[in-house]
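Peer 1: Next input, structure requested:
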Amino acid sequence: MNCRNGCKSPITELWNLGPAPYGDLFSPTIDAAKKNNLYPFRLGSCSQCGLLQLCDKTDLRKQYDDYLYLTQVTNNLVDFYSQICERLITEYKLTTTDFILDIGGNDGSFLSNFRKHGFSKLLSVDPAKSAQIESEKKKIAVFREYFDSSSVNKILMNFGRPRLISINYTFANIENLAEFCDNLYNLMDLNTLVSICTGYHPDQFSIGMFDYIGHDHLTYLTLADFEYLAKIFSLVIVAASRHEHKGGSLQVVLAKKESQYKEGHAVRQLRQREFFMGIKDKKYIEGFKAQVNKNRRIAKQKLLKVREKKNVIAIGASISTTYLTNYFGLGKFYTSLLDDDRQKIGKFSPYFAKRVYPLESILQFANSDVLILAWQHTFKLLERLKELKFKGKVHLILPKYQGFKLD
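Peer 2: Coordinates of the predicted model:
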């Protein structure tokens, strides 16, 4: 297939990570879970623009029509959204009469911050039923659909042009970025700002976080990629900033080029940083792949010795833990999954068919070691284990293997 940026150039494979199941399709029965298909899962880059992306098409509707994930279950994400909201209101002098649109709004957690500040003209566009239910509980209007040209017409007819369009951890999930940006541009006027938050792989890779790569994340974006799109669609990058959330995130704010907004000074600094890091060089991915594969070998060697003597249960039922389990070959090393996400409890993980139990039931698994799959939340999970009076061996496999006793 060709590049998702619209430059119609071929994608060169850099890393074959699969085949793998779609990461968040937790099933109600063990038989249904085992029937999850495996799909090609390869990472590559465009030969022309250098955009890092999946080499294969994925079935987005199968992944998102019955999407279980809710923003509110991710550690600290709601607080992060609150900070972004306050900064946008302050820096760009947004008023309570402004129309705020959230594309891929999920459970309404982001827009609910604007409601707390007195904003009433709020709209979320999201295809998932669970997202619609949760958003409407927060009194946020929802168009349950995928954002496209018909969405633009529907929004303009019912709400007018937005003062702010937010796209939080959704932009990387778009099959055709050029078409999406064209629809976005047609929705904007000279006062419209677009705030995009997305995972930032240069920071994620620096801590060994490869498991953010998944079938739902079609592209892996940098400032250079946003600059490429901005040039095509006559946009200006008003601001760019890096954040710690999700192991590394990038926020960019865009406006139409002929608007009052100008490029912010931080944009130049980040542009220079990416240039120095050489993130568009194929050797950058090759080096990271070698590091991950080394960690995989060590983890399997360590866990094989543990499994010979002890039962192992794992913590973390999510998209990323499915991909971690798949690539590291962990399915044979743990028997069950534990998690606090009520949407997942009682269900079975995709393909590997591990039943999800509530984390508070951990003491029922006598004489078991714990494997933390949701390693990005290690400190929070260790606190939870201490609260639950767990005393035993804990294993971490990323960013490198560690085993230690909790007393």
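Peer 1: From now on I want contacts and neighbour counts done on CA atoms only, so please keep to that.
Peer 2: OK.
Peer 1: tell me the contacts of the closest residue to I319 other than its chain neighbours?
Peer 2: Once its chain neighbours are removed from consideration, I319 has its nearest residue in G23; the separation is 4.2 Å (CA to CA, 6 or more residues apart in numbering). If you count contacts by CA atoms under 8 Å, 6 or more residues apart in numbering, G23 has them with 214-215, 318-323, 350.
Peer 1: now G278, nearest residue through space, not along the chain?
Peer 2: Leaving aside its chain neighbours, G278 sits nearest to Y284 (6.9 Å; criterion: CA to CA, 6+ apart).
Peer 1: Can I take it that the one you found is in a strand?
Peer 2: No: counting by DSSP: H, G, I helix; E, B strand; the rest coil, Y284 is not found in a strand; it is helix.
Peer 1: do you know how far it is from D189?
Peer 2: For Y284, the distance to D189 (CA to CA, to the nearest Å) stands at 39 Å.
Peer 1: same thing with S149?
Peer 2: Distance, S149 to D189, by CA to CA: 16 Å.
Peer 1: Let's test this: name the helix or strand in this protein with the lowest mean pLDDT.
Peer 2: Taking mean pLDDT, DSSP states H and E as the measure, the helices and strands of the chain show their lowest mean at helix 60-64, namely a mean of 69.
Peer 1: so the residue nearest to G278 touches E274, yeah?
Peer 2: No: the criterion here is CA atoms under 8 Å, and Y284 misses it with E274 at 11.6 Å.
Peer 1: Make sure I196 is indeed in a strand.
Peer 2: Yes: inclusion of I196 in a strand is indicated when three-state DSSP is applied.
Peer 1: Please name the spatially closest residue to it (chain neighbours excluded).
Peer 2: When the adjacent residues along the chain are set aside, I196 lies closest to I167, with 4.8 Å between them (CA to CA, 6+ apart).
Peer 1: same for the helix or strand containing the one you found, what does it pack against?
Peer 2: In the assignment (DSSP states H and E), I167 maps to strand 164-168. Under the contact criterion of 3 or more CA pairs under 8 Å, 6 or more residues apart in numbering; DSSP states H and E, strand 164-168 touches strand 100-103, strand 193-199.
Peer 1: Please name the residues that touch the residue nearest to I196.
Peer 2: For I167, the contacting residues are 102-105, 194-197, taking CA under 8 Å, 6+ apart as the criterion.
Peer 1: Would you map the strands across the stretch 101-250 of the chain?
Peer 2: The residue ranges that make up the strands of the stretch 101-250 of the chain, judged by DSSP state E, counting those that start in this stretch, are 122-125, 141-143, 164-168, 193-199, 219-220, 235-243, 249-256.
Peer 1: strands paired with the shortest one, and their directions?
Peer 2: According to DSSP bridges, the neighbouring strands of strand 219-220, each with its direction, are strand 52-54 (antiparallel).
Peer 1: who touches the strand it pairs with?
Peer 2: Residues from elsewhere that reach strand 52-54 (CA under 8 Å, 6+ apart): 4, 41-46, 215, 217-221.
Peer 1: what's the closest of those residues to I140?
Peer 2: Nearest to I140, judged by CA to CA, of the contacts of strand 52-54 is H217 at 26.0 Å.
Peer 1: Show the pLDDT at the nearest residue to that closest one once chain neighbours are set aside.
Peer 2: Leaving aside its chain neighbours, H217 sits nearest to N173 (4.9 Å; criterion: CA to CA, 6+ apart). The predicted structure scores N173 at 93 on the pLDDT scale.
Peer 1: when you give positions from now on, start the count at 12
Peer 2: Sure, I'll start numbering at 12, so the last one becomes N184.
Peer 1: G225 is in contact with N184, correct?
Peer 2: No: counting by CA under 8 Å, N184 does not reach G225; the two are 9.8 Å apart.
Peer 1: Please report the number of neighbouring residues for A301.
Peer 2: Other residues within reach of A301 by the criterion other CA atoms under 10 Å amount to 11.
Peer 1: no wait, G414
Peer 2: Burial of G414, expressed as a neighbour count using other CA under 10 Å, amounts to 14.
Peer 1: ok, now V263?
Peer 2: Using other CA under 10 Å, V263 has 19 neighbouring residues.
Peer 1: just the helices in the stretch 262-411 of the chain please.
Peer 2: Ranges of helices in the stretch 262-411 of the chain, per DSSP state H, counting those that start in this stretch, are 276-288, 293-318, 330-339, 389-398.
Peer 1: just to revisit the earlier point, between strand 204-210 and the very next helix or strand once past the least confident helix or strand of the chain, find me the angle.
Peer 2: Past helix 71-75, heading to the C-terminal end, the next element that is a helix or strand (DSSP H and E) is helix 88-102. An angle of 150 degrees separates the directions of helix 88-102 and strand 204-210 when computed by axes from the mean of the first three to the mean of the last three CA atoms, to 10 degrees.
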